[in-house]
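[1] What follows is a protein structure lacking sequence information:
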């Protein structure tokens, strides 16, 4: 992963000093609340329903064992002993005290971490594929590019007061695991006919109140021009994005108003002035950043012997076999694999971890995965470089820590926002809905039979739980002070990104598991051999699902 | 009265905004003309000396409208209608980097000290701040960071 140098550390020290001064002036009455607000937000600090919430950046989800231990220490010392991984590969603390936040930032800076631009109307954390660098279907490792964009966007002086927040995601694989088409900018690494590397650039995707799939405005942007092209997009948005209504202020509204073609032409015109300017990347820049993302020192694993070990364990322990099927993923290096740690056991808010669990993950990363872990936008963790012959031992260790729930990619692997239990924006609770669904569908054989299926829950239309792009999406709504849940189906976040369709009138919380059961019944009845839920949906459409869910009792 | 921060100190101000489009123009005054006034009376105003001629631009106005005359201005003031409106940051960079403006570039309107560092990096070298602003705080804010990750209008 990227390693900080003296300049990077100096920047973080200056940031801590700056925020300490801003906090002191705010608490001393010299900095008004309305001016402190954008400053604290650009440091990830929200004032929440019960206490402030501090969001810490995990750049494109990569985190080291020592950083995990520091997060555990912060959870223990400054919080109530737990933290929450988010859908943008970050981590949140729900109970810090404002006067202590500068100290927390100093603790983070000591391990090269920060909360810079994790909120506010600025360029947020760059997100990417949790299997970057190891995926068999990878065209190019996205991490060096993420790091170049992270550097460029950090404290970019022109873009700190954008009309609204701005999210960039990068994918380097054929199969998009970073949901790039629902980001303000999605960057897809591609190779042209001559084998040269470039970026296909999507703009104007996003969820929230007005969900939109991004459109391509740059078919092939050469790597050296990446930052100047991004700067052109951001400048057009900063100058012409709407500022009169915060619900119309995202770039997607501007792209829709102008049309992608006109927007692309405006960007191209702006870019002509910036192209080949001082932010043009050089071969030296590429070489510098690539050196941080080289392969770790893989051992020459005896593949046949490793497979024999794995098979023997799978034959002896059904639970191991199940975990192997759902939670272990392919790796481009023979004898290695990636292991997904589930943060979705029944009865725990999706994405929540305790301080002890954070320490345990750090130990496991050190022991089995070259001291690194990754956060996924599904709110799970990944150990990316695990020897296959270590799997039985690792599985036992994960089981002991509660990370071996063998449901990755199934209905039970729910993406869920903190919802009305924590968030002041929420219209409805979301965590109890996730739990009710997990309890209703706790039969692993049934879950496995259903296969790959995403179920996403948001507690309000801001869509932090990505409900629009869940195969099944649930949205909490408020009707005259009562909580209801609207259900939609057909969403997808990957390469064939699609927005779900609302089935119809919303339901009481208590009705939700029954409604999900009816949707699943339709799938099971109508599917062809080998068809996933989303494939069946695409073939049969929304009607059979609607008919079943709203069928009058005979 | 706002205070003018320039070159690290509060200084006196010779410039005043010209109000009233039809009013007679005092020859000896250093005046900042709102863009519509400049465009309407450009032919007459071109005769004025640059040291007494400036422009007052709003964040939503197009700086390319003064691109051809850019060297005739001693000062350009960019107005921030609210401190959350970041259009002026782009405007500053355009004036400096694209149109080559070398006179005083002044941030006016609803700005506050914690924005000074970024404003400076976008080409601004003068700042109108509320009269209760502390000079120490303003200086600290101006120099918040010594490390930068992108090329903008930083002085060499």
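    Cool, got the structure. No experiment lies behind these values; they were computed from the predicted model shown.

[2] Which residues are in contact with residue 23?
    No chain specified, so I'll use chain A. By C-beta atoms under 8 Å, 6 or more residues apart in numbering or on different chains, the residues touching residue A:23 are A:40, A:98-99, A:101-102. No exception for glycine: its C-beta is placed from N, CA and C like everyone else's.

[3] Show me what stretch B:111-121 is in contact with.
    Contacts for stretch B:111-121 (C-beta under 8 Å, 6+ apart): A:22, A:31, A:35, A:39, A:155, A:157-158, A:160-161, B:5, B:80, B:83, B:89, B:92, B:107, B:127-130, B:133, B:137-138, B:141-145, B:148, B:152-154.

[4] Please list only the buried members of the contacts of residue A:23.
    Listed as buried from the contacts of residue A:23 are A:40, A:98, A:101-102; burial here means 16 or more other C-beta atoms under 10 Å in any protein chain shown.

[5] Which secondary structure state is assigned to residue 40?
    All of this is about chain A. At residue A:40 the chain is in helix, as set by DSSP: H, G, I helix; E, B strand; the rest coil.

[6] Which secondary structure element is home to the closest residue to residue A:508 other than its chain neighbours?
    Distance criterion C-beta to C-beta, 6 or more residues apart in numbering or on different chains; nearest residue to residue A:508, sequence neighbours excluded, is residue A:484 at 6.6 Å. Assigned by DSSP states H and E, residue A:484 belongs to strand A:482-489.

[7] tell me which of the contacts of residue A:23 is nearest to residue A:140?
    Of all those, residue A:140 sits closest to residue A:40, with 37.2 Å by C-beta to C-beta.

[8] Can you give me the distance of the closest one to residue A:102?
    Per C-beta to C-beta, to the nearest Å, residue A:40 is found 11 Å from residue A:102.

[9] Next: residue A:357.
    Computed as C-beta to C-beta, the residue A:357 to residue A:102 distance reads 27 Å.

[10] repeat for residue B:7
    Note on residue B:7: its distance to residue A:102, by C-beta to C-beta, is 31 Å.

[11] swap in residue A:30?
    As for residue A:30, its distance to residue A:102 is 16 Å (criterion: C-beta to C-beta).

[12] Would you mind writing the ChimeraX command to select the buried ones in the contacts of stretch B:111-121?
    The buried subset of these, as determined by 16+ other C-beta under 10 Å, is captured in ChimeraX by this line:
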select /A:22,31,35,39,155,157,158,160,161 /B:5,80,83,89,92,107,127,128,129,133,137,138,141,144,145,148,152,153
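
[13] wait, what's in contact with whichever residue of chain B sits closest to chain A?
    As assessed by C-beta to the nearest C-beta, chain A sits closest to residue B:86 within chain B, at 2.8 Å. Listed by C-beta under 8 Å, 6+ apart, the contact set of residue B:86 reads A:121, A:158-163, A:238.

[14] Might one say that the residue nearest to residue A:508 is in contact with residue A:428?
    Yes: assessed by C-beta atoms under 8 Å, residue A:484 is found in contact with residue A:428 at 7.2 Å.

[15] Next, show the common contact partners of the two.
    Shared contacts of residue A:484 and residue A:428, defined by C-beta under 8 Å, 6+ apart, are found at A:476-478.

[16] quick one: residue B:96 and residue B:125 touch, right?
    No: Residue B:96 lies out of contact with residue B:125 (C-beta under 8 Å); the separation is 9.5 Å.

[17] quick one: the lengthiest helix in chain B to chain centroid distance?
    The longest helix of chain B (DSSP state H) is helix B:35-45. Chain-centre distance of helix B:35-45: 18 Å, with C-alpha atoms, centre = their mean, to the nearest Å.

[18] what's downstream of it, the next helix or strand?
    Using DSSP H and E, the first helix or strand after helix B:35-45 is strand B:53-58.

[19] how about that next one, does it get close to chain A?
    No: using C-beta under 8 Å from any C-beta of the partner chain, strand B:53-58 stays clear of chain A, with a minimum separation of 12.2 Å.

[20] shared neighbours, residue B:96 and residue B:125?
    residue B:105.

[21] which of the shared contacts of residue A:484 and residue A:428 are buried?
    Among the shared contacts of residue A:484 and residue A:428, those scoring as buried are residue A:476 (criterion: 16+ other C-beta under 10 Å).

[22] now the shared contacts of residue A:484 and residue A:428 as JSON lines including secondary structure?
    Output for these, formatted as JSON lines (three-state DSSP):
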{"residue": "A:476", "secondary structure": "strand"}
{"residue": "A:477", "secondary structure": "strand"}
{"residue": "A:478", "secondary structure": "strand"}
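
[23] so residue A:217 makes contact with residue A:203?
    Yes: counting by C-beta under 8 Å, residue A:217 does reach residue A:203; the two are 5.3 Å apart.

[24] circling back to that earlier point, which of the buried ones among the contacts of residue A:23 has the weakest pLDDT?
    Lowest pLDDT of the buried ones among the contacts of residue A:23: residue A:98, 91.

[25] For the closest residue to residue A:334 other than its chain neighbours, which residues are in contact?
    Excluding the flanking residues, the one nearest residue A:334 by C-beta to C-beta, 6+ apart is residue A:303, at 5.2 Å. Neighbouring residues of residue A:303 by C-beta under 8 Å, 6+ apart: A:334-335, A:388.

[26] pLDDT weak spots in the chain?
    Chain wasn't specified; assuming chain A. Residues of chain A meeting the criterion pLDDT under 70: A:48-50, A:553-554.

[27] I was thinking of chain B, sorry if that wasn't clear
    Checking chain B against pLDDT under 70 turns up B:21-22, B:154-156.

[28] near chain A, which residues of it?
    B:83-87, B:89-91, B:93, B:98, B:112, B:114-115, B:117-119, B:121-122, B:134, B:137, B:140, B:144-152.

[29] Go ahead and build a PyMOL selection from the buried members of those.
    To isolate the buried members of those in PyMOL, using 16+ other C-beta under 10 Å:
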select buried, chain B and resi 83+84+85+86+87+89+90+91+93+112+114+115+117+118+119+121+122+137+140+144+145+147+148+149+150+152
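
[30] which SS class is the residue of the stretch 101-250 of chain A found nearest chain B?
    Nearest to chain B, among the residues of the stretch 101-250 of chain A, is residue A:161, at 2.8 Å (C-beta to the nearest C-beta). Assigned with three-state DSSP, residue A:161 falls in the coil class.

[31] got it, and residue B:20?
    Secondary structure for residue B:20, judged by three-state DSSP, is coil.

[32] picking up where we left off before, so of the contacts of stretch B:111-121, which ones are in helices?
    Per DSSP H, the contacts of stretch B:111-121 map to helices at A:22, A:35, A:39, B:89, B:92, B:137-138, B:141-142.

[33] Now the two most distant members of those.
    Counting by C-beta to C-beta, the most remote pair of these is A:22 and B:92, 22.8 Å apart.

[34] Contact residues of chain A facing chain B?
    Within chain A, the positions lying close to chain B (C-beta under 8 Å from any C-beta) are A:7-8, A:10-11, A:14-15, A:18, A:21-22, A:25, A:30-31, A:35, A:38-39, A:121, A:151-152, A:154-163, A:227, A:235, A:238-239, A:243, A:273, A:277-279.

[35] Can you turn the buried part of the residues you listed into a ChimeraX selection?
    Selection of buried members from those for ChimeraX, criterion 16+ other C-beta under 10 Å:
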select /A:8,11,14,15,18,21,22,25,31,35,38,39,121,151,152,154,155,156,157,158,159,160,161,162,163,227,235,238,239,243,279
